[in-house]
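In: Following is a predicted model, sequence given first.
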Amino acid sequence: MSRPALEVADIFRDHGAAWRRANAGHVSLDQMKVMSAIERCRTGALGGHVARCEDCAHTVIAYNSCRNRHCPKCQGAAAKEWLAEREAELLPVPYFHVVFTLPAPIADIAYQNKTVIYDLLFKAAAEATLTIAADPKRLGARIAITAVLHTWGSALTHHPHLHMIVPGGGLSADGERWIACRPTFFLPVRVLSRLFRRLFLKMLVAAHAAGRLAFFGEHAVLADRAAFAVFLAPLCTSEWVVYAKKPFGGPQAVLAYLSRYTHRIAISNRRLISTDERGVTFKWKDYRIEGPARYKTMTLPTHEFIRRFLIHVLPRGFHRIRHYGLFANGNRTGNIARARKLLAVPSRTKQPEPSQAAAADEPRMLPRPCPCCGGRMIIIETFARGCEPKHRPTPAPVVVRIDTS
């Protein structure tokens, strides 16, 4: 019988307690909660339900998920629900992908000031993009932006950057015309980069002056205003990485991309290979190399793997997916309807939801069919956290191999 695939939860269950003891006093409450949620996800600790096939009586136990946004096993359902809402907003125009990256010195202090600096990354990148797009010398339009924050590199290092998905065009200032950009060109990235740099540094200096930044360890000296100015001086003239990728093939390609990026976490279970006395081995991608050679494996000591995973835990309540411009929540529905009208696209009508009375008559079911016959899996029992179900699952079939050689 093959061994179950390795999961982050396995590593946390086997080594999490020792890691917490070794790092006592240096683990945040948010990180503790993430570890606990992942360790308990889809186990009896969270309760669950028993389902039985209405055709062949195959019975399974389905444990509840933790639904934590950092859990590798809980992102599929959240992504599916989010994408269903976004699909109705897609426009029949090219979509561009723009990435804004913070320089390494800023990333260093961002780890100690996640809420403030990640928020400034969103604000400066969005303002720069909206401003340049509205410039009559560039596009001269009010555009729409969906921005997603990622804080990691492929090797789990701290690498804060922002992914923007932007339709290739926007509404005119009076809202009477749709202004399309060139098919393969959105906005000049060098101009974007310079304005992004200026806006971000201006906001960062203001945050420092307002006492909103905290500095510890080797960065403690930066609490002094003069020292902070010296620290920022080289960043005022260095090149900040902003780049635009080629446009997507169409609305469905945009959805496929969003499904990979919006609810991604630092590392998925699929990238894990093994764990042993040497540490955790996983797959990673070296973006400095082109071609197949960029796909590599890395082994980290187990405690270092846990540390790297947890540095990407976001502050409680921090929104890592945000919308700007025409997609901002204020008049989002009206803006999308106007854009669709100007593009001669029929407005989508929301499908009526079944009545509660009709839903109450239907038995509760698992979303997936029976693995044996494809029949409906009817929920026959629900059990609380820490309790054992009364019904037992159908035993796995015994496979007998007969050697005829």
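Out: Structure's in. What do you need?

In: CA atoms for contacts and neighbours, from now on please.
Out: Will do.

In: quick one: average confidence on the helix or strand hosting residue 82?
Out: Following DSSP states H and E, one finds residue 82 within helix 75-87. For helix 75-87, the mean per-residue pLDDT is 76.

In: Check which element follows that helix along the chain.
Out: strand 95-101.

In: Counting neighbours, which bits of the helix or strand that that following strand is followed by end up buried?
Out: Per DSSP H and E, the first helix or strand lying C-terminal to strand 95-101 is helix 104-110. By neighbour count on 16 or more other Cα atoms under 10 Å, the buried set for helix 104-110 is 106, 107, 109, 110.

In: if I pick the first one, what's in contact with it?
Out: Read that as residue 106. If you count contacts by Cα atoms under 8 Å, 6 or more residues apart in numbering, residue 106 has none.

In: can you check the last one too?
Out: Taking Cα under 8 Å, 6+ apart as the criterion, residue 110 is in contact with 116, 117, 118.

In: those strands in the stretch 251-400 of the chain, which residues are they?
Out: 272-276, 279-285, 295-300, 321-325, 377-383 (DSSP state E, counting those that start in this stretch).

In: Pretty sure residue 132 sits against residue 138.
Out: Yes - the pair residue 132 / residue 138 is scored as a contact, 6.6 Å apart, by Cα atoms under 8 Å.

In: Find residues that contact each of these two.
Out: Common neighbours of residue 132 and residue 138, counting by Cα under 8 Å, 6+ apart, are residue 187.

In: Among those two, which residue is more densely surrounded?
Out: residue 132 (20 against 14; other Cα atoms under 10 Å).

In: Kindly reformat the strands of the stretch 251-400 of the chain as JSON lines containing mean neighbour count.
Out: Formatted as JSON lines, the strands of the stretch 251-400 of the chain follow (neighbours: other Cα atoms under 10 Å):
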{"stretch": "strand 272-276", "mean neighbour count": "16"}
{"stretch": "strand 279-285", "mean neighbour count": "18"}
{"stretch": "strand 295-300", "mean neighbour count": "14"}
{"stretch": "strand 321-325", "mean neighbour count": "18"}
{"stretch": "strand 377-383", "mean neighbour count": "19"}
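
In: Next, format the ones you listed as TSV and append distance to residue 365.
Out: Supplementary listing: the strands of the stretch 251-400 of the chain in TSV, determined by distance: least, Cα to Cα, whole Å:
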stretch	distance to residue 365
strand 272-276	32
strand 279-285	36
strand 295-300	40
strand 321-325	31
strand 377-383	5
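
In: nearest to residue 162, of these?
Out: The closest of these to residue 162 is strand 321-325. By Cα to Cα, the value is 9.7 Å.

In: Show me the contact partners of that closest one.
Out: With Cα under 8 Å, 6+ apart, strand 321-325 has contacts from 126, 130, 142, 143, 144, 145, 146, 147, 148, 149, 262, 329.
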